[in-house]
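K.L.:
sharing a model that was predicted from the sequence below.
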Amino acid sequence: MDTTSKMRGLHPNAEMSFIGYAIAAVILVGMLPLLPFFLLWLLVDRITGGREQQNY
């Protein structure tokens, strides 16, 4: 006797795709105010040579 259902094959789930895209959009909009600070940090890092190897 089988206790599990038979696999019907892989198919996209539109509802879950929509939820995923909605969550990604909320995260993107929430991170937009941080973008100027991130760009400023990158600029300062490039100017000061932050990527050079440090010897301790």
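P.N.:
All right, it came through fine. Numbers count the residues shown, from 1 in each chain.
K.L.:
tell me which residue is most central in the chain.
P.N.:
Ranked by distance to the mean C-alpha position of the chain (C-alpha atoms, centre = their mean), the top residue is Ala24 at 7.4 Å.
K.L.:
quick check: it vs Gly49, distance?
P.N.:
Remark: distance between Ala24 and Gly49 (C-beta to C-beta, to the nearest Å) = 35 Å. Heads up, the C-betas are built off the backbone N, CA and C, glycines and all.
K.L.:
next one: Lys6
P.N.:
With distances defined as C-beta to C-beta, the gap from Lys6 to Gly49 amounts to 61 Å.
K.L.:
could you do Leu28 as well?
P.N.:
With distances defined as C-beta to C-beta, the gap from Leu28 to Gly49 amounts to 31 Å.
K.L.:
repeat that for Glu15.
P.N.:
Using C-beta to C-beta, one obtains 49 Å as the distance from Glu15 to Gly49.
K.L.:
next: Phe38.
P.N.:
Taking C-beta to C-beta as the measure, Phe38 and Gly49 are separated by 19 Å.
K.L.:
neighbour count winner among those two?
P.N.:
Here Phe38 and Gly49 are set side by side on neighbour count (other C-beta atoms under 10 Å), and the busier one is Phe38, at 10 against 7.
K.L.:
look up how far Gly20 lies from the more buried one.
P.N.:
Here Phe38 is placed at a distance of 24 Å from Gly20 (C-beta to C-beta).
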